[in-house]
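*Asks:* What shape does this take:
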Amino acid sequence: MRRFLYTIVILILVVAVTLFVLRIYSKELTQLTLVPRTEFVPQDALADNAYTNPDMWFSRPGMGAPNDPARWQPQEAEGSVPPPAVNDTPLPRFAVFFVHPTSFTDNRVWNAPLDDEPSQDLARLLVRGLGSAFNQASEIWAPRYRQATFGAFLSDSDEAKQAVDAAYRDVDLAFTYFLSSIDADMPIVLAGHSQGSQHILRLLRERIAGTPLQQRIAMAYPIGWPISVEHDLPALPLPACATAQQAGCIVSWASFAEPADPGIMFSQYAGSTGFDGELRGDSPILCTNPLSGAPGGSEPAGANLGTLVPSDDLGSGELVTGAVPARCDDAGFLLIGDPPEMGTYVLPFNNYHVYDIPLFWRSLQQDVVRRVAAWEQGS
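*Replies:* Numbers count the residues shown, from 1 in each chain. Below is the predicted model:
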């Protein structure tokens, strides 16, 4: 009996020490595991007409709903009651340009090859689970691109910057084709998650700010990428959304269950340079409450119109109403209460980054329709 108790004590100590090491050195261990230690090899530029090829898109008009992951509509969970439609008027016309998040974690190269099947298959599933929240759009375009590997976002090396720049060049080329393909008067919604959101923010700054195109941007949803209220927003051509009825503005959030421990993420954020050239430091992060459509505040789970709970393989899922609350804390992180059962991709320290959009899937689906309708009325 005494030996058994000693064994239990030792196991508890081992777990405690392991958690302590992970807490103190998790950033270093993660970098060691995921950041490539090879030289950056410049990629050949894609041909100017590369995105005329339908195979360069996960989603685009003409694919048809069964083949287009962004057109997927999940089923209602048993016992869940779908909310009423946003309104009784026809859906507004708008085109969505959606950039998928990172699906490539290989630490041997800095950018994902387009023929890497595992990362491409996962990216397609991510478009299905995240991009489908915009499926009320007239057109949805989601390009394939040579994304930077996950480790590039854990490093401030020149190689990491080059990898992100290379990925952006593909996105920029896809965006050019997107613009040439949609009607000249159609309002545009820019959307992305994580790495995709970083590229969306860069498009706003480098392709849209101060141009006639700025007047066509009905909404921007760079979700899951921290945006400094002090050091980033003033350099962007659109303001943060102040109300649920506002259009031509930016919505973003980063989700953590409680007790939340965003220390690693905030450390990376604080040490990075904002769009104004200054360190972001402890400046608050933009937090739009997806259940109210306004910045900050707290909303109960009953206000959540539908959480997309995925299957283990991410290939299917169902909408559950009233499952998850939302509260913005002082630092700008979105807190979602007790950890909900969402699957196996929850990150350490209660980080629900992968599920930023699925947690509030239906609320976002209705949010974009409402805001584009408001944009049409005000244009």
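
*Asks:* how about the strands in the stretch 201-350 of the chain?
*Replies:* 217-223, 255-256, 288-289, 294-295, 298-299, 307-310, 317-320, 326-328, 334-335 (DSSP state E, counting those that start in this stretch).

*Asks:* Show me what the helix or strand where Val368 lies is packed against.
*Replies:* Per DSSP states H and E, Val368 falls inside helix 361-378. For helix 361-378, the packing partners by 3 or more C-beta pairs under 8 Å, 6 or more residues apart in numbering; DSSP states H and E come out as strand 188-193, strand 217-223, strand 307-310. All C-beta atoms are positioned from the backbone trio N, CA, C, and that covers glycine.

*Asks:* related to what we said a few turns ago, could you dump the strands of the stretch 201-350 of the chain into TSV with mean neighbour count, distance to Tyr168 and mean pLDDT added?
*Replies:* Formatted as TSV, these follow (neighbours: other C-beta atoms under 10 Å; distance: least, C-beta to C-beta, whole Å; pLDDT from 0 to 100):
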stretch	mean neighbour count	distance to Tyr168	mean pLDDT
strand 217-223	26	13	98
strand 255-256	24	25	98
strand 288-289	26	24	98
strand 294-295	19	27	98
strand 298-299	16	34	98
strand 307-310	23	28	95
strand 317-320	20	30	96
strand 326-328	22	29	98
strand 334-335	22	26	98
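
*Asks:* Turn the helices and strands packed on helix 361-378 into TSV, including distance to Asp172.
*Replies:* As requested, the helices and strands packed on helix 361-378 are exported to TSV (distance: least, C-beta to C-beta, whole Å):
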stretch	distance to Asp172
strand 188-193	13
strand 217-223	15
strand 307-310	30
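
*Asks:* Out of the ones you listed, flag the one nearest Phe175.
*Replies:* For those, the distance to Phe175 is smallest for strand 188-193, at 8.8 Å, taking C-beta to C-beta.

*Asks:* just the angle between the helix holding Val368 and strand 217-223, please?
*Replies:* Interaxial angle of helix 361-378 relative to strand 217-223 (axes from the mean of the first three to the mean of the last three C-alpha atoms, to 10 degrees): 160 degrees.

*Asks:* Return the set of buried residues in helix 361-378.
*Replies:* Buried residues in helix 361-378, counted by 16 or more other C-beta atoms under 10 Å: 361-375.

*Asks:* Then stretch 239-258?
*Replies:* Buried, per 16+ other C-beta under 10 Å, within stretch 239-258: 240-241, 244, 246-257.

*Asks:* Identify the residue nearest Gly263 in space, chain neighbours excluded?
*Replies:* Closest residue in space to Gly263, ignoring its immediate chain neighbours: Phe349 at 7.3 Å, by C-beta to C-beta, 6 or more residues apart in numbering.
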